[in-house]
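S.K.: predicted model, plus sequence, below.
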Amino acid sequence: MTNISQRYIPETCYTRLLRMGRNLIKMFSLAVKIGFLVTLAGGVLPGCVQIKETGRTIGHTTRDVTKEIGHGARDITREIGHGTRDVVREVGEGARDATNTAADEVKKVVKPAPAQSEY
């Protein structure tokens, strides 16, 4: 005995319509995919160009502002450093001058007058 599903069923008008319907669905889904790609290429991609240009503008502006902030901070730090260096030099020179003056005064006071010798 054979199963009913294993028996040969002659192709009827109904089965032909079912098969044709499936093929139409496959063709329709292919047409939908192609239509979607055309719509994407024609409608959405030009919008991507605008988004890309906006991102480039924002990025370049951020880069330029950051560069200006960095250069300003560098210049201020340089001025502070040079000012500090100059003040330290002046303090050092003043301390050295004061030390030298005090040492000269001490030498004048401590140094005995030349004594006359017999020879």
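M.R.: Ah, there it is. Numbering: from 1, shown residues only.
S.K.: burial count for Glu62?
M.R.: Careful, residue 62 is Thr; it's not Glu. 10 (other C-beta atoms under 10 Å). Bear in mind the C-beta positions are built from the backbone N, C-alpha and C, glycine included.
S.K.: if I look at it, how far off is Pro114?
M.R.: Noted for Thr62: a distance of 80 Å to Pro114, by C-beta to C-beta, to the nearest Å.
S.K.: what's the answer for Lys33, then?
M.R.: For Lys33, the distance to Pro114 (C-beta to C-beta) stands at 117 Å.
S.K.: count of residues packed around Thr54?
M.R.: Around Thr54 there are 10 residues (other C-beta under 10 Å).
S.K.: pLDDT score for it?
M.R.: Thr54 carries a pLDDT score of 90 in this model.
S.K.: so which strand or helix has it?
M.R.: Assigned by DSSP states H and E, Thr54 falls within helix 45-110.
S.K.: do the same with Ser29
M.R.: Taking DSSP H and E as the criterion, Ser29 maps to helix 13-39.
S.K.: what confidence value was assigned to Val65?
M.R.: 95.
S.K.: I should have written Gly59 there, sorry.
M.R.: pLDDT, the model's per-residue confidence, is 93 for Gly59.
S.K.: next one: it from Ser29, what distance?
M.R.: Counting by C-beta to C-beta, the gap from Gly59 to Ser29 is 41 Å.
S.K.: same check, this time on Asn23
M.R.: 11 Å.
S.K.: could you do Arg63 as well?
M.R.: Going from Arg63 to Ser29 by C-beta to C-beta gives 47 Å.
S.K.: check Ile58 too.
M.R.: 40 Å.
S.K.: got it, and Val49?
M.R.: Val49 sits 30 Å away from Ser29, taking C-beta to C-beta as the criterion.
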